[in-house]
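> Structure here, sequence nowhere to be found:
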């Protein structure tokens, strides 16, 4: 049986967290690295959004009339949905905290807050830095309201919800990485020691190195990379 196909962009935070969950689940996929300035027609056909990540479960079969095509029956094109799909298939590290449905609900609520609210604020912060706007500090302070929430959680335990890693940790990781890179020197001196420890542990891990490995663009090489992680922690 053909593997599910994941269209991905190496540095996109949404694609990054999809790959993190797939790696953690040890569910293999055929990885197709793309750039959004040259989108594969197959990806556009699979998802009207035409942006990464896109996971095609059943593939796309093109009929004899090239102007028409049959769209895949099963396409997942939201990063969090891809994460949940992969971890519901296999969750050897119990990132969904299977013994605590209320914890999963709390994780999803936190992720939603960051996806909707923090994401808007971090985009404003990035723009203020890039274009040397005079509201840079205000934009950073708006982001810090959310960073302080995570720092408080990480003061209590090693990961965001407990001593055990969770869906929330890997879902928020790419966006906290973005935050840390905007004003690097400020971040290194910032009063968030637990957040810095948490992020640094991820960034220095072999898992992150493998998730961030650079592959040839699929449209250039035509080669699909089988992407999956080990079942056990390294």
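Received the coordinates, thanks. Because the structure is a prediction, the values reported are computed rather than measured. Residues are numbered from 1 along each chain as shown.
> helices or strands up against the longest helix along the chain?
Across the chain, the helix with the greatest residue count (assigned by DSSP state H) is helix 136-156. Applying 3 or more CB pairs under 8 Å, 6 or more residues apart in numbering; DSSP states H and E, we find helix 136-156 packed against helix 119-130, helix 167-182, helix 193-203. Placement of C-beta: from N, CA and C, glycine included.
> which residues of the chain fall in helices?
With DSSP H as the criterion, the chain has helices spanning 13-25, 41-46, 79-89, 101-113, 119-130, 136-156, 167-182, 184-188, 193-203, 206-211, 218-221.
> and the fifth one, which residues are buried?
Within helix 119-130, the residues that count as buried by 16 or more other CB atoms under 10 Å are 119, 121-122, 124-126, 128.
> What separation do you get for the closest residue to residue 167 other than its chain neighbours and residue 17?
The shortest distance from residue 167 to any residue other than its chain neighbours is 4.8 Å, reached at residue 95 (CB to CB, 6 or more residues apart in numbering). Relative to residue 17, residue 95 is positioned 12 Å away (criterion: CB to CB, to the nearest Å).
> any common contacting residues for the two?
residue 170 (CB atoms under 8 Å, 6 or more residues apart in numbering).
> Just give the nearest non-adjacent residue to residue 208, would you?
Leaving aside its sequence neighbours, residue 208 is closest to residue 202 (5.5 Å, by CB to CB, 6+ apart).
> typed the wrong thing, it's residue 227
With sequence-adjacent residues excluded and distances taken as CB to CB, 6+ apart, residue 227 is closest to residue 31, at 4.0 Å.
> thinking the one you found is in contact with residue 224, fair?
Yes - counting by CB atoms under 8 Å, residue 31 does reach residue 224; the two are 6.6 Å apart.
> who's more crowded, those two?
Neighbours were counted for residue 31 and for residue 224 using other CB atoms under 10 Å; residue 31 has more, 22 against 17.
> OK, contacts around the residue nearest to residue 227?
Neighbours of residue 31 in contact, by CB under 8 Å, 6+ apart: 6, 8, 19, 215, 224-227.
> Could you count how many residues lie near the nearest residue to residue 154 once chain neighbours are set aside?
Of all residues beyond its chain neighbours, the one nearest residue 154 is residue 194 (3.7 Å), with distances taken as CB to CB, 6+ apart. Other residues within reach of residue 194 by the criterion other CB under 10 Å amount to 16.
> so what's residue 194 up against?
Residue 194 makes contact with 151, 154-155 under the criterion CB under 8 Å, 6+ apart.
> and the residue nearest to residue 227, what are its bridge partners?
Applying DSSP bridges to residue 31 gives these bridge partners: residue 6, residue 225.
> gap between residue 90 and residue 229?
The gap separating residue 90 from residue 229 is 10 Å, by CB to CB.
> Pull the contacting residues for the residue nearest to residue 3 when sequence neighbours are not counted.
The shortest distance from residue 3 to any residue that is not its chain neighbour, by CB to CB, 6+ apart, is 4.5 Å, and that residue is residue 30. Contacts were defined as CB under 8 Å, 6+ apart; by that measure residue 30 touches 2-6, 224-227.
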